[in-house]
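>>> Got a sequence here, can you build the structure:
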Amino acid sequence: GRLMRLPRADWGKAVAHAGHGVTMAGVAGLTAGTVDDIRVAQIGQPWEVGSYELTLNDVQVVRGPNYVSTFGFLTLSHDGLQFSELRP
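From the prediction side, this is the model:
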């Protein structure tokens, strides 16, 4: 009986905290199965990602209207056949 007499604000806090817990469990579940591959790539040197091969072609400093950025340009190949150029 006492539970039903709680103010609505307390019910709102409980629902909000439960939602936060569900969100945190979801984020933990999504990131638990990921594998990060951090490496230093040299220009022209290919590396394998699964059955694909990536090659870093060029790195350029690009100036925009209100920013300066470093862009990497890559080639994606599969079974020795180049089929895509990746760029930002």
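>>> Helix, strand or coil: sort out the nearest residue to Arg39 once chain neighbours are set aside for me.
Nearest non-adjacent residue to Arg39, counting by Cβ to Cβ, 6 or more residues apart in numbering: Trp47, 6.8 Å away. Using the backbone N, CA and C atoms, a C-beta is placed for each residue, glycine as well. For Trp47, the assignment made with DSSP: H, G, I helix; E, B strand; the rest coil gives strand.
>>> Just give me the neighbour total for Trp47.
When neighbours are defined as other Cβ atoms under 10 Å, Trp47 has 13 of them.
>>> Bridged to it, which residues?
Leu54 (DSSP bridges).
>>> isn't His78 right next to Tyr52, touching?
Yes. If you go by Cβ atoms under 8 Å, His78 and Tyr52 touch, sitting 5.4 Å apart.
>>> show me where this structure has strands.
Using DSSP state E, the strands found in the chain span residues 46-49, 52-63, 68-78, 81-86.
>>> can you tell which of the ones you listed is closest to Asp37?
With Cβ to Cβ as the measure, strand 46-49 is the member of the strands of the chain nearest Asp37 (7.3 Å).
>>> quick one: contacts of the closest one?
Strand 46-49 is contacted from outside by Asp37, Arg39, Ala41, Glu53, Leu54, Thr55, Ser77, using Cβ atoms under 8 Å, 6 or more residues apart in numbering.
>>> for stretch 11-25, same thing?
Contacts of stretch 11-25 (Cβ under 8 Å, 6+ apart): none.
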